[in-house]
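S.K.: this one's structure only:
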């Protein structure tokens with residue numbers, strides 16, 4: 001994703017890895033489903049020194065309470081019914097993700113990492129509400145994150161309305177489909193790398209204790 005040639009301006013970071021995360025969830029045109037359920041769970045493991053994406057976790061999730069996706073949801077996310085039917089439910093996806101974290105050496109104390117999101121919704125609202133509804137434990141590593149909009153505002157002097165304005169200001173071409181979770185992760189990672197190349201040092205912006 002990123003070349004090593006233009007990484008000379010990267011300053012030492014507090015974290016060895018940035019875990020870029022962007023959930024997609026059930027939605028409808030008129031009102032938010034109750035409960036709203038995660039249907040796509042993608043995370044990119046980005047090396048803070050090389051800017052390389054070293055590993056990807058990507059899993060579609062079958063919603064349990066409202067298993068049928070609305071036409072609006074399909075239109076917005078590009079996720080069709082066949083992509084979630086027969087997929088694991090959220091509790092199994094969380095277990096698989098934890099196994100991925102272990103496999104990638106992210107929770108044994110040998111490395112430091114932090115999630116990076118576009119906004120606070122994913123880890124402040126969506127995942128906690130889902131875990132609460134289904135009475136699932138939420139791992140402590142989900143309790144802090146970097147909302148990429150805040151470091152962008154610090155580095156660029158303008159608080160962005162969303163992903164597209166950030167890409168435009170950084171001169172980075174948008175990839176894939178907006179509101180596809182995995183494509184959004186790749187674009188957020190490109191914004192992250194753009195700010196790293198400008199010498200920005202990242203710090204945690206959100207917590208959920």
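M.R.: Thanks, I have it. All values derive from a computational prediction rather than experimental measurement.

S.K.: For the protein, which helix extends over the most residues?
M.R.: With secondary structure taken from DSSP state H, the chain has its longest helix at helix 181-197.

S.K.: Please state the mean pLDDT value computed over that helix.
M.R.: Averaged over helix 181-197, pLDDT sits at 97.

S.K.: for the very next helix or strand once past that helix, packing partners?
M.R.: Following helix 181-197 in sequence order, the next helix or strand is strand 206-207 (DSSP states H and E). If contacts are counted by 3 or more CB pairs under 8 Å, 6 or more residues apart in numbering; DSSP states H and E, strand 206-207 sits against strand 144-147. C-beta: built from backbone N, CA, C; applies to glycine.

S.K.: So which elements touch the helix or strand just after the strand it packs on?
M.R.: Next helix or strand after strand 144-147 toward the C-terminus (DSSP H and E): helix 149-156. Helix 149-156 sits against helix 163-170, helix 181-197, with contacts defined as 3+ CB pairs under 8 Å, 6+ apart.

S.K.: Same question for helix 149-156: list its buried residues.
M.R.: 149-152, 155-156 (16 or more other CB atoms under 10 Å).

S.K.: Equivalent analysis for stretch 50-63, please.
M.R.: Of the residues in stretch 50-63, those buried (16+ other CB under 10 Å) are 51, 53, 55, 57, 59-63.

S.K.: which intervals of the protein have sub-threshold pLDDT?
M.R.: 1-6 (pLDDT under 70).

S.K.: for it, longest strand please?
M.R.: Of all the segments of type strand in the chain, defined by DSSP state E, the longest one is strand 38-47.

S.K.: Neighbouring strands of it in the sheet, and parallel or not?
M.R.: With DSSP bridges as the test, strand 38-47 is paired with strand 17-21 (antiparallel), strand 24-25 (antiparallel), strand 53-60 (antiparallel).

S.K.: and it with helix 181-197, angle?
M.R.: Angle, strand 38-47 to helix 181-197, by axes from the mean of the first three to the mean of the last three CA atoms, to 10 degrees: 30 degrees.

S.K.: quick revisit: with respect to residue 19, which of the buried residues of stretch 50-63 is nearest?
M.R.: Closest approach to residue 19 among the buried residues of stretch 50-63 (CB to CB): residue 57, at 8.8 Å.

S.K.: Stretch 68-85: how far from the chain's middle?
M.R.: 19 Å (CA atoms, centre = their mean, to the nearest Å).

S.K.: same question, stretch 148-155
M.R.: Computed by CA atoms, centre = their mean, the chain-centroid distance of stretch 148-155 equals 16 Å.

S.K.: outside of it, which residues touch it?
M.R.: Residues outside stretch 148-155 that contact it (CB atoms under 8 Å, 6 or more residues apart in numbering): 116-119, 159-160, 166, 188, 191-192, 195, 198, 200, 202-203, 205.

S.K.: repeat for stretch 53-68
M.R.: 1, 17, 26, 33, 35, 37-47, 69, 79, 81, 83-90, 93, 96-97, 100, 104, 134, 181-182, 189.

S.K.: same thing but at 7 Å, please
M.R.: 1, 26, 33, 35, 37-47, 79, 83-90, 93, 96-97, 100, 104, 182, 189 (CB atoms under 7 Å, 6 or more residues apart in numbering).
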